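In: need the 3D shape of this:
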Amino acid sequence: MIDVRIDANDTRLKLQLDNLPKALRRRLRARIEILTNQLLRMVEAREPVRTGYLRSRTRAYVDENPVKNFVRGRVRILATGSAQRVGAAFGALEYGSTGRPFPVRPYTRNGHTVRGYQRRGTIQAQRFLRGPAAIILPKARRELALVLREALRDGLAK
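Out: The predicted model follows:
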């Protein structure tokens with residue numbers, strides 16, 4: 001008997017088995033790669049485009065861990081360099097701003113100094129990551145269940 005757990009939320013789908021035979025792991029990885037690439041295309045289609053930097057940082061990954069017996073696919077936005085500021089900007093686009101006031105430090109524009117002031121965030125959530133993930137989740141569950149049924153039928157789960 002194989003004990004199967006499916007962990008799903010609005011950004012991740014993870015299938016974990018107590019014992020994951022190699023042949024079944026290969027089938028699951030192949031299907032999860034297809035689903036993850038479909039999700040990547042859906043995310044890129046919904047991402048806001050102004051400079052193209054957000055899209056250039058969006059990546060699809062399939063992780064496999066034989067020790068923990070899982071295969072998972074993820075679409076992530078990876079920031080480089082000044083990761084904290086860029087990550088916060090991407091997060092604000094996905095989740096929206098809090099609406100709370102925040103300080104803006106003094107800066108120079110066209111040779112003139114602009115004093116610091118308070119500003120209120122007004123960014124609306126765009127859900128370019130969570131929206132497509134929620135859309136593809138039922139399809140992913142069906143397809144992974146099909147792979148498991150086929151593996152049981154073919155005797156790979158022994």
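In: show me where pLDDT drops low in the protein?
Out: The model of the chain has pLDDT under 70 over residues 1-4, 9-13, 15-18, 80-84, 156-158.
In: helix or strand for the spatially most central residue of it, just tell me which one.
Out: Central residue of the chain (Cα atoms, centre = their mean): V75, 3.5 Å from the mean position. Per DSSP states H and E, V75 falls inside strand 70-77.
In: partners of that strand, with directions?
Out: Paired neighbours of strand 70-77 in the sheet (DSSP bridges): strand 13-17 (antiparallel), strand 58-65 (antiparallel).
In: then that strand to CSV, C-alphas only?
Out: What follows is strand 70-77, C-alpha atoms only, in CSV (Å, rounded to 0.1, in the frame of the first residue of the first chain):
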residue,chain,number,x,y,z
PHE,A,70,8.8,14.3,-3.2
VAL,A,71,8.7,15.9,-6.6
ARG,A,72,7.5,19.5,-6.9
GLY,A,73,7.2,22.2,-9.5
ARG,A,74,7.4,25.9,-8.8
VAL,A,75,7.2,29.2,-10.6
ARG,A,76,9.2,31.8,-8.8
ILE,A,77,10.5,35.3,-9.2
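In: so which bits of it are buried?
Out: For strand 70-77, a neighbour-count test (16 or more other Cβ atoms under 10 Å) marks 70-75, 77 as buried. For glycine as for every other residue, the C-beta is placed from the backbone atoms N, C-alpha and C.
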